[in-house]
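> sequence and computational prediction follow.
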Amino acid sequence: MESDLIGSIDQGTSSTKFLLFDSKDGSVVASHQIDLPHKCPQEGWFQQDPGDIIGSVQNCITEVLEQDGIARERIKTIGVTNQRETTVLWEKTTGRPLGPAIVWCDLRTAELAEKFIQKTKSKDKNALQHLCGLPIHPYFSALKIRWLIDNVEVVREALEDDNLAFGTVDSWLIWNLTEAHVTDVTNASRTMLMNINTLAWDDELLEFFDIPKCILPEIRSSSEVYGAFIGGELRGVTISGCLGDQSAALVGQGCFAKGQAKNTYGTGCFMLYNTGLQPAFSEHGLLTTVGYQMGPGQSPVFALEGSIAQAGDIVRWVRDNLNLIKDSSDIEQLANQVADTGGVYFVPAFSGLYAPHWASDARGMIIGLTAYSDKRHLARAVLEAVCFMTREILEAMTKDSGIHLTSLQVDGGMTANNLLMQLQADLLGISVVRPEMKESTALGAAVAAGLAVGALDVTILEDRNSDTFNPVVTSDDRDARYARWKRAIPRSMGWAADSDTGSPSTSPPRVRRGAYLGGALGLGFVLGLGVISLRR
């Protein structure tokens, strides 16, 4: 007899996947993935078409069911996991999106963030941390909602007509698939509008950002039935699990005990540390967030999070903007051709610096170039930058928790790069454990969904095979390299500030091309003493 299946919609920044997991052992039975386009209409802006997002989900479901011949009756329920903070507004009556989906890493609200910081009594970006666990920053949904209301006429008209709905991507998907206007606690905790202590929309926060409660979805737990598909191949199948992507990875990695942590290497890089049943507030630049809540009657589990804006995105930049590699996977072979970076260091602050700095005026920088430097050193510096940023986050977590991790569980697309994993172990000085199951995020959503309807047990997460990377460099070596990279961080800050006044620019952030080396400067680096080619 064939076993039951649990479906998982994994809607990320770069792609959408639909996967079917065996309810008995958690193995992937079938999957399909579609790349998701984005647009950057102005510098610092990053947006997607809400229609493309829901369309990619529907197409993935169709491909899996048709190509793999899966009987619909075997699919017991569906879980959803999604890129967080990304903001969609639509008409309640028609479902028509009212503008683009403003993606989490978009910087158009940088000036607005500064205005709201100045609005607080303390003039401090952390003035609302005690309420929502987050700093006032363009990363989060509240400022994106405010910007859309202020700048898009059809949004204001819908608001006046009481016909406006807001959602992060999970809400947008569930509304389209079931007509339920809901979100879960993990996604709501990324909006700056939910009280991190009560897990309810907070009147003080709503008043501060001037956002009406009537446009917001209902906050639910991460594991319960939200509704059923109203059409398509899965008509009548329930959606019973919902987790923001990083919380889903925490579940998929089985980090259910206080003190466990995972790091996901995707478009960005995100480390979550399970802090147990009470929210912990960071003094070192980390975020307080909800890890998961496995049912409406269950206690929520909280986490500290370190968010890094660019990780896999840097590799795509090397591929698409600099044209130094053909495929993203080629960076491992290129970087392996040299034993070190030749003194080259990279700060990938394309969208500013996230945790622990929260400096939206920072911009990317490559430093340490000499006539000896070539594309191989840059490739290795790119990989090391991801590892250095992860170490910075782990150090902040150690300071906040007082606990020193002896190993780090990892997942995400970049973890297929063995060199990156070895560099990470070397630069952290602890073991890096990579599970054989590469789809931890999608698995986490499937687990939440399956638990809600009694279709699986969390024991499927136990005793899973993994690869372990142990450090092989000396502590003096790792500390010296890290210290040198840290020296570059303050030099990357302030590049988006107005050059005449030193104050934040009122226009979209400008990137000084000599530091960022973006777009047109794909073939060589302009130096004070000449030009060196990267096409060695």
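Perfect, thanks for sending it.
> quick one, longest helix in this structure?
Under DSSP state H, the helix in the chain containing the largest number of residues is helix 375-401.
> against which helices or strands is it packed?
Where contact means 3 or more Cβ pairs under 8 Å, 6 or more residues apart in numbering; DSSP states H and E, helix 375-401 is packed against strand 261-265, strand 269-276, strand 301-308, helix 312-320, helix 330-335, strand 345-347, helix 418-428, helix 475-492. C-beta: built from backbone N, CA, C; applies to glycine.
> any idea whether the residue lying closest to residue 13 once chain neighbours are set aside is helix, strand or coil?
Leaving aside its sequence neighbours, residue 13 sits nearest to residue 267 (Cβ to Cβ, 6 or more residues apart in numbering; 4.3 Å). Three-state assignment for residue 267 (DSSP: H, G, I helix; E, B strand; the rest coil): coil.
> since we're on residue 267, how many residues are nearby?
As a burial measure, residue 267 scores 25 neighbours (other Cβ atoms under 10 Å).
> and the angle for the longest helix of the chain with strand 269-276?
20 degrees (axes from the mean of the first three to the mean of the last three Cα atoms, to 10 degrees).
> name the residues of helix 375-401 that are buried.
Residues of helix 375-401 classed as buried by neighbour count (16 or more other Cβ atoms under 10 Å): 375-394, 396-397, 400-401.
> with stretch 67-85 instead?
70, 74-85.
> and stretch 260-279, by the same measure?
Those would be 260-275, 279, for stretch 260-279 by 16+ other Cβ under 10 Å.
> from residue 367, how far out is the closest residue to residue 270 other than its chain neighbours?
Closest residue in space to residue 270, ignoring its immediate chain neighbours: residue 246 at 4.5 Å, by Cβ to Cβ, 6+ apart. Applying Cβ to Cβ, to the nearest Å, the value for residue 246 to residue 367 is 30 Å.
> of the two, who's got more company?
residue 246 (28 against 17).
> tell me which element that one is part of?
helix 245-252 (DSSP states H and E).
> please export the C-alpha coordinates of stretch 410-427 as PDB.
What follows is stretch 410-427, C-alpha atoms only, in PDB (Å, rounded to 0.1, in the frame of the first residue of the first chain):
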ATOM      1  CA  VAL A 410      23.300  24.200   8.000                       C
ATOM      2  CA  ASP A 411      21.000  24.000   5.000                       C
ATOM      3  CA  GLY A 412      20.100  25.900   1.800                       C
ATOM      4  CA  GLY A 413      21.200  25.800  -1.800                       C
ATOM      5  CA  MET A 414      24.700  27.200  -1.200                       C
ATOM      6  CA  THR A 415      25.600  24.300   1.200                       C
ATOM      7  CA  ALA A 416      26.100  22.100  -1.900                       C
ATOM      8  CA  ASN A 417      29.400  24.000  -2.200                       C
ATOM      9  CA  ASN A 418      31.900  21.800  -0.300                       C
ATOM     10  CA  LEU A 419      34.600  24.500  -0.300                       C
ATOM     11  CA  LEU A 420      32.100  27.000   1.300                       C
ATOM     12  CA  MET A 421      31.300  24.500   4.000                       C
ATOM     13  CA  GLN A 422      35.000  23.800   4.700                       C
ATOM     14  CA  LEU A 423      35.800  27.500   4.800                       C
ATOM     15  CA  GLN A 424      32.800  28.000   7.200                       C
ATOM     16  CA  ALA A 425      34.100  25.400   9.600                       C
ATOM     17  CA  ASP A 426      37.700  26.900   9.300                       C
ATOM     18  CA  LEU A 427      36.500  30.400  10.000                       C
END
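> okay, buried residues for that stretch please.
Result for stretch 410-427 [16+ other Cβ under 10 Å]: buried residues 410-415, 417, 419-427.
> which of these lies closest to residue 185?
Taking Cβ to Cβ as the measure, residue 185 lies nearest residue 411 of the buried residues of stretch 410-427, at 21.7 Å.
> report all helices and strands that the helix holding residue 246 contacts.
With 3+ Cβ pairs under 8 Å, 6+ apart as the test, helix 245-252 has strand 75-82, strand 261-265, strand 269-276, strand 287-292, strand 301-308, helix 440-453 packed against it.
> any chance of CSV for these, columns mean pLDDT and distance to residue 178?
Output for the helices and strands packed on helix 245-252, formatted as CSV (pLDDT from 0 to 100; distance: least, Cβ to Cβ, whole Å):
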stretch, mean pLDDT, distance to residue 178
strand 75-82, 97, 10
strand 261-265, 93, 27
strand 269-276, 92, 28
strand 287-292, 96, 21
strand 301-308, 93, 26
helix 440-453, 95, 13
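> which among these is found nearest to residue 46?
Per Cβ to Cβ, nearest to residue 46 of the helices and strands packed on helix 245-252: strand 301-308, 15.2 Å.
> what pairs with that closest one, and is each one parallel or antiparallel?
strand 269-276 (antiparallel), strand 287-292 (antiparallel) (DSSP bridges).
> surely residue 326 and residue 333 touch.
No. Between residue 326 and residue 333 there is no contact under Cβ atoms under 8 Å: 10.8 Å.
> so for those two, which residue has more residues nearby?
Per other Cβ under 10 Å, whichever of residue 326 and residue 333 has more neighbours is residue 333, with 13 against 8.
> quick one: the nearest residue to residue 95 once chain neighbours are set aside from residue 244, how far?
Distances taken as Cβ to Cβ, 6+ apart put residue 176 closest to residue 95, at 6.6 Å, once the chain neighbours are dropped. For residue 176, the distance to residue 244 (Cβ to Cβ) stands at 18 Å.
> so for those two, which residue has more residues nearby?
The neighbour count for residue 176 versus residue 244, taken as other Cβ under 10 Å, is higher for residue 244 (33 against 21).
> how far does stretch 386-402 sit from the chain's center?
Offset of stretch 386-402 from its chain centre (Cα atoms, centre = their mean, to the nearest Å): 17 Å.
> so what touches it?
259, 261, 263, 265, 269, 271, 273, 275, 280, 282-286, 304, 306, 308, 311, 314, 348, 355-356, 404-405, 408, 414, 420, 423-424, 426-428, 481-482, 485-486 (Cβ atoms under 8 Å, 6 or more residues apart in numbering).
> SS state for residue 176?
helix.
> nope, residue 183 is what I meant
strand.
> could you find the closest non-adjacent residue to residue 473?
Nearest to residue 473 is residue 426, by Cβ to Cβ, 6+ apart, at 4.5 Å.
> go on, residue 191?
Closest to residue 191 by Cβ to Cβ, 6+ apart is residue 141, at 4.0 Å.
> returning to that earlier point: what is the most widely separated pair among the buried residues of stretch 67-85?
74 and 85 (34.2 Å).
> on that earlier part again, and the residue nearest to residue 95, what's its pLDDT?
Residue 176 carries a pLDDT value of 97.
> how far away is it from residue 444?
Residue 176 is 22 Å from residue 444, by Cβ to Cβ.
> try residue 365
Residue 365 is 35 Å from residue 444, by Cβ to Cβ.
> of these two, which one has the most company?
Comparing residue 365 with residue 444 by other Cβ under 10 Å, the one with more neighbours is residue 444, at 32 against 21.
> I figured residue 105 hits residue 308, correct?
No. Using Cβ under 8 Å, residue 105 makes no contact with residue 308, being 10.5 Å away.
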